[in-house]
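Peer 1: here is my input, please return the structure:
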Amino acid sequence: MGEPWSAVDALFERHLLPTDPVLEAALANSAAAGLPPHAVSPTQGKLLNLLARMCGARRILEIGTLGGYSTIWLARALPEGGELLSLEISAEHAAVARQNLARAGLPNAEVRVGDAHESLRALVAEGVAPFDLVFVDADKKSGPAYLDHALALSRRGTVIVVDNVVRGGAVLDEESADANVRGVRALLARMGSEPRLSATAIQTVGSKGYDGFTLAVVE
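Peer 2: Residues are numbered from 1 along each chain as shown. As a prediction, the model looks like this:
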């Protein structure tokens, strides 16, 4: 089943996503540096870009930078004066991401290195202005905690997107010993019980296989 999904994604890309040397270079640079191939697909990156534009985001928070591929898509959606902060635990990954962002000409995107939980707590303590969009693409076992931090850094109307919540269908396993699956299940329960959120989840297939994401708005 994977081959038709990838072929359909390729068709969508040919018709809807013009060739982009900057994004292609970001993927190539990340691969050359030995980063895992966990970046969002081009069609998913464009979706993030459109979501940011649709909600008029001026401040974006990304949790999990990797090589900065999704960061570029998001930062390109910002208007003049907009800001993006991306949190990355690996200094090596952050260095690659900064190279890619510099090549893309995106000085409005900052990559901060450190444990995301500590960075998020620091942002809350600093009393920074709320973010308009939060994209969570980090370790799934920490999903509920990331959601709590995102809510603390949000306002009414903030969009929160969490990636990789289907995990090839493994999310169905109530007895899973996989910390990531357990984290996703806890995240879904947390989102469903949170009165400040209106949320849904979408299953996806494509070049990244069978997965999905949650999409929520702060009420």
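
Peer 1: how many other residues sit next to the nearest residue to residue 182 once chain neighbours are set aside?
Peer 2: Of all residues not flanking residue 182 in the chain, residue 176 sits nearest, at 6.0 Å (CB to CB, 6 or more residues apart in numbering). The C-beta positions use only the backbone N, C-alpha and C, and glycine is treated the same way. Residue 176: 15 surrounding residues under other CB atoms under 10 Å.

Peer 1: and residue 176, how far from residue 45?
Peer 2: Here the criterion is CB to CB, to the nearest Å. By it, residue 176 lies 29 Å from residue 45.

Peer 1: hang on, the earlier thing: and the residue nearest to residue 182, what does it touch?
Peer 2: Neighbouring residues of residue 176 by CB atoms under 8 Å, 6 or more residues apart in numbering: 170, 182, 185.

Peer 1: now the farthest one out in the protein, which residue is it?
Peer 2: The centre of the chain is farthest from one residue, residue 175, which by CA atoms, centre = their mean lies 26.9 Å away.

Peer 1: OK, contacts around the residue lying closest to residue 123 once chain neighbours are set aside?
Peer 2: Leaving aside its sequence neighbours, residue 123 sits nearest to residue 153 (CB to CB, 6+ apart; 6.0 Å). Each residue near residue 153 by CB under 8 Å, 6+ apart is listed here: 61, 120, 123, 124, 128, 130, 131, 134.

Peer 1: now the residues you listed as a markdown table including neighbour count, pLDDT and secondary structure?
Peer 2: Listed next are the contacts of residue 153 as a markdown table, based on neighbours: other CB atoms under 10 Å; pLDDT from 0 to 100; DSSP: H, G, I helix; E, B strand; the rest coil:
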| residue | neighbour count | pLDDT | secondary structure |
| --- | --- | --- | --- |
| 61 | 28 | 98 | strand |
| 120 | 21 | 98 | helix |
| 123 | 18 | 98 | helix |
| 124 | 13 | 96 | helix |
| 128 | 13 | 96 | coil |
| 130 | 15 | 98 | coil |
| 131 | 24 | 98 | coil |
| 134 | 26 | 98 | strand |
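
Peer 1: and which of these is nearest residue 79?
Peer 2: residue 131 (14.7 Å; CB to CB).

Peer 1: could you give the bridge partners of residue 133?
Peer 2: Taking DSSP bridges as the rule, residue 133 bridges to residue 60, residue 159.

Peer 1: where do the strands sit along this structure?
Peer 2: For the chain, the strands defined by DSSP state E cover 59-63, 83-88, 109-113, 133-136, 159-163, 197-206, 209-218.

Peer 1: which one of those strands is the most hemmed in?
Peer 2: Of all the strands of the chain, strand 133-136 has the most neighbours on average by mean count of other CB atoms under 10 Å, namely a mean of 27.

Peer 1: packing partners for that strand?
Peer 2: For strand 133-136, the packing partners by 3 or more CB pairs under 8 Å, 6 or more residues apart in numbering; DSSP states H and E come out as helix 42-54, strand 59-63, helix 69-75, helix 143-152, strand 159-163.

Peer 1: can I get the first one in CSV, CA atoms only?
Peer 2: In this case it means helix 42-54. The C-alpha trace of helix 42-54 is given here as CSV (Å, rounded to 0.1, in the frame of the first residue of the first chain):
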residue,chain,number,x,y,z
PRO,A,42,6.3,18.5,1.4
THR,A,43,2.5,18.3,1.3
GLN,A,44,2.4,18.4,5.1
GLY,A,45,4.8,21.3,5.2
LYS,A,46,2.6,23.2,2.8
LEU,A,47,-0.4,22.4,5.1
LEU,A,48,1.5,23.9,8.1
ASN,A,49,2.2,27.0,6.0
LEU,A,50,-1.4,27.4,5.0
LEU,A,51,-2.7,26.9,8.5
ALA,A,52,-0.3,29.6,9.8
ARG,A,53,-1.5,31.9,7.0
MET,A,54,-5.2,31.1,7.6
